[in-house]
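**Student:** model this:
(chains A and B)
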Amino acid sequence: MRKILMSAVAAAVLVVLFASAQGTAALWRAEETLKPGTITTGTLSLAVGNGSWASADFPFEALDTQTLGPGRFVQAPLTISNTGTTTLGYSLVGAASATTPQSAADAALAAAVVLSVHVTDDSAACAADASSPDPSLYEGSLAGAAFAEAGDLQPGEGELLCVRVALPANASPDAAGGKLQLVLTWRGDQR
Amino acid sequence: MKKITKAAVAAGAAAALMLGGAGSLALWNDSKTVDAGTVTTGHLTLDATAAGTWTDMSIGAGTTAFVPGTDHLVPGDTVVYSQTVTIAADGKNLRGALTVGALDAAVPEALAEDVTVTIAAAPTDPKLTLIGSNEVSFAEPGSYEVPVTITVLFAKGVLGTVPTPAAEMGADIDLTALTLTLNQVRP
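**Tutor:** I've put the predicted structure just below:
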């Protein structure tokens, strides 16, 4: 009797095993998804303008060197602004005259002028005939004109600069009749 | 009269015999129920509904808060997302392993060299075993909490001599679908 029972149990187990092998039964599995969302990298962008509009490649028409003579200067306000999403530090990396073709007078004028850049609060202080007492970020010849990281600009923030080009009273007469097309190269670095 | 009486008695006896033959007389039987109770299957579930948090781990960061919608990643940043998922495992011989997926396609092509996304499970429960960095196994039923972290590192690199192309900025890193799979393990 006991033997019969045992074999019945064994048969039942076999039936269960076969049944599970044939069906869709499987080991258990659960699945979930984490959704942290999307993160975005920032942007670093520096623009130059006149306060009402700005561009990465701004024609600085307010600075008119037509009337420049020995012992005189021309100046105009320029706004440096941060149009990215990241705080940046701006710096001046170069200044040159882009007049082409460059005549001897043009070259002499470019070599003779003194460039100065200073921070100002008010564009009126940078009017054509106003002399500004503000300390300069840079003052010197076009060649080698540079200053490092004048200040930090928060996103959307701008700084008003006054750019002055002066021709010393003792400038060489070779510069007479020369033309100057000033190109200032700015740089913004992530802070 | 006596003859009639005898016949009547015989008929009555015959009727009684017939009746008895048609009745419910049977072999004995009896029945009982064996009560083995009820057996119930267990369960194996994964719960990822707990809210996750973002932390800004960047060197020099002003605060540790990081809001993915408004805060943006710049070179040198490290941000970490952490969320705890819960395993509920019920079953006498239930063993299992949680596998954390990958987010290989999350980083756009332009940032592939600079941005790395690292995913790791960091179980603290002594009953959990960490295999590699992204698989957690358990050998007995229970309820287990497994913290999962996603680290996004934007390498600082060195300052370039040319301006960074605008195409490399403002790029999205899509971390919306990290799959976690919990499997039963039956040796």
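
**Student:** Now do the same contact list for the residue nearest to residue B:164 when sequence neighbours are not counted.
**Tutor:** Distance criterion Cβ to Cβ, 6 or more residues apart in numbering or on different chains; nearest residue to residue B:164, sequence neighbours excluded, is residue A:44 at 6.6 Å. Bear in mind the C-beta positions are built from the backbone N, C-alpha and C, glycine included. Taking Cβ atoms under 8 Å, 6 or more residues apart in numbering or on different chains as the criterion, residue A:44 is in contact with A:84, A:86, A:88, A:188, A:190, B:74, B:164, B:169.

**Student:** Quick check: residues of chain A near chain B?
**Tutor:** For chain A, the residues in contact with chain B (Cβ under 8 Å from any Cβ of the partner chain) are A:27-45, A:84-86, A:187, A:189-190.

**Student:** Just to be sure, residue B:9 is in a helix?
**Tutor:** Yes: remark: residue B:9 belongs to a helix, assigned using DSSP: H, G, I helix; E, B strand; the rest coil.

**Student:** immediately after the helix or strand of chain B with the lowest mean pLDDT, which helix or strand?
**Tutor:** Least confident helix or strand of chain B, by mean pLDDT, DSSP states H and E, is helix B:2-22 with a mean of 66. Once helix B:2-22 ends, the next helix or strand along the chain (criterion: DSSP states H and E) is strand B:43-47.

**Student:** would you put the C-alpha positions of that next one in PDB?
**Tutor:** Output of strand B:43-47 as PDB, limited to C-alpha atoms (Å, rounded to 0.1, in the frame of the first residue of the first chain):
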ATOM      1  CA  HIS B  43       5.500  37.800  -5.000                       C
ATOM      2  CA  LEU B  44       8.500  39.600  -6.500                       C
ATOM      3  CA  THR B  45       7.900  43.300  -7.200                       C
ATOM      4  CA  LEU B  46      10.000  46.400  -7.700                       C
ATOM      5  CA  ASP B  47       8.800  49.800  -6.600                       C
END
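
**Student:** and it, which strands flank it?
**Tutor:** strand B:78-90 (antiparallel) (DSSP bridges).

**Student:** Would you mark the buried spots in the strand it pairs with?
**Tutor:** B:78-83, B:85, B:87-89 (16 or more other Cβ atoms under 10 Å in any protein chain shown).

**Student:** ok, now stretch A:164-173?
**Tutor:** Applying 16+ other Cβ under 10 Å to stretch A:164-173 flags A:164-167, A:171 as buried.

**Student:** Also stretch B:45-61?
**Tutor:** Result for stretch B:45-61 [16+ other Cβ under 10 Å]: buried residues B:46, B:48, B:52, B:54-56, B:58.

**Student:** and that stretch, what's its mean pLDDT?
**Tutor:** Average pLDDT, stretch B:45-61: 92.

**Student:** For residue A:157, give me its contacts.
**Tutor:** Counted by Cβ under 8 Å, 6+ apart, residue A:157 has contacts A:81-82.

**Student:** Quick check: phi and psi on it?
**Tutor:** phi -90, psi 150 (degrees, to the nearest 10).

**Student:** circling back to that earlier point, which of the residues of chain A next to chain B are buried, as a ChimeraX select command?
**Tutor:** Buried residues within the residues of chain A next to chain B, by 16+ other Cβ under 10 Å, are selected in ChimeraX with:
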select /A:28,30,32,34,36,39,40,41,42,43,44,45,84,85,86,187,190
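
**Student:** Next step: the residues of chain A next to chain B restricted to helices.
**Tutor:** Per DSSP state H, helices hold no members of the residues of chain A next to chain B.

**Student:** what's the distance between the residue in chain A positioned nearest to chain B and residue B:137?
**Tutor:** Proximity of chain A to chain B (Cβ to the nearest Cβ) peaks at residue A:42, 3.3 Å away. From residue A:42 across to residue B:137, the span is 40 Å (Cβ to Cβ, to the nearest Å).

**Student:** Likewise for residue A:72?
**Tutor:** Taken as Cβ to Cβ, the span from residue A:72 to residue B:137 is 83 Å.

**Student:** of the two, who's got more company?
**Tutor:** residue B:137 (17 against 13; other Cβ atoms under 10 Å in any protein chain shown).

**Student:** For that one, give me its contacts.
**Tutor:** Residue B:137 neighbours (Cβ under 8 Å, 6+ apart): B:95-98, B:128-129, B:131, B:185.

**Student:** Three-state assignment for it, please.
**Tutor:** Going by three-state DSSP: residue B:137 is strand.

**Student:** again, but for residue A:105
**Tutor:** Once three-state DSSP is applied, residue A:105 turns out helix.

**Student:** From what I see, it and residue A:172 are in contact.
**Tutor:** No: in this structure, residue A:105 is not within contact of residue A:172 by Cβ atoms under 8 Å, at 9.9 Å.

**Student:** joint contacts of the two?
**Tutor:** With Cβ under 8 Å, 6+ apart as the test, residue A:105 and residue A:172 reach no residue in common.

**Student:** low pLDDT regions in chain A?
**Tutor:** Along chain A, the parts satisfying pLDDT under 70 run over A:1-25, A:132-134.

**Student:** go with 50
**Tutor:** Along chain A, no part satisfies pLDDT under 50.

**Student:** Beta-bridge partners for the residue in chain B that chain A sits nearest to, please?
**Tutor:** Chain B approaches chain A most closely through residue B:72 (3.3 Å), counting by Cβ to the nearest Cβ. Applying DSSP bridges to residue B:72 gives these bridge partners: residue A:40.
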